[in-house]
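# Structural data only, the sequence is not supplied:
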């Protein structure tokens, strides 16, 4: 069992930055691939980024490529999402997830989400 708790969301102006964190419980954190998804009001949840268990592989949605960076610290059981050059369309609830495999990435666990609001 893995429990995930996100933090770091908030209100930011367009062009600004935020860093989301996801703290995981359990001693097996380093064996999971981790990912971030987001869900805007009235829209389906969409993939944002994923990272392999070692951190050596990452993959991003085209909409965030070049602006967002996913990373992890296995010693701290934490995964991060650094978000730069934020746009109003990035406004959403951001969810952390854990999966057994990097690809295909099929989440087994989800966090409760953290709200990110980007004002224009």
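Yes, it's here. Note that this is a predicted model, so its numbers are computed, not measured. Numbering: from 1, shown residues only.

# okay, and the helix or strand of the protein with the least pLDDT?
Counting by mean pLDDT, DSSP states H and E, the chain has its least confident helix or strand at strand 107-110, which shows a mean of 96.

# For that one, which outside residues touch it?
With C-beta atoms under 8 Å, 6 or more residues apart in numbering as the test, strand 107-110 has contacts from 1-4, 32, 35, 37, 95-100. No exception for glycine: its C-beta is placed from N, CA and C like everyone else's.

# can you pick the most crowded of those residues?
The most crowded member of the contacts of strand 107-110, judged by other C-beta atoms under 10 Å, is residue 96 (28 neighbours).

# you'd agree it is up against residue 2?
No - between residue 96 and residue 2 there is no contact under C-beta atoms under 8 Å: 10.2 Å.

# Taking the centroid of the chain, which residue is nearest it?
Central residue of the chain (C-alpha atoms, centre = their mean): residue 36, 2.7 Å from the mean position.

# Wasn't it part of a helix?
No - under DSSP: H, G, I helix; E, B strand; the rest coil, residue 36 sits outside any helix and is assigned strand.

# And the residue lying closest to it once chain neighbours are set aside, how close does it get to residue 62?
Of all residues not flanking residue 36 in the chain, residue 48 sits nearest, at 4.3 Å (C-beta to C-beta, 6 or more residues apart in numbering). Here residue 48 is placed at a distance of 11 Å from residue 62 (C-beta to C-beta, to the nearest Å).

# Compare the two and say which is more crowded by neighbours.
Neighbour count, other C-beta under 10 Å: between residue 48 and residue 62, residue 48 has more, with 24 against 6.

# The residue nearest to residue 36 is in what secondary structure piece?
strand 46-51 (DSSP states H and E).

# now residue 85
Residue 85 belongs to no helix or strand, assigned by DSSP H and E.

# ok, now the one 10 residues further on?
When elements are defined using DSSP H and E, residue 95 is found to belong to strand 92-99.

# any low-confidence regions in this structure?
Along the chain, no part satisfies pLDDT under 70.

# just the strands in it please.
With DSSP state E, the ranges of strands along the chain come out as 4-7, 10-13, 18-24, 33-39, 46-51, 58-60, 68-73, 78-83, 92-99, 107-110, 114-119.
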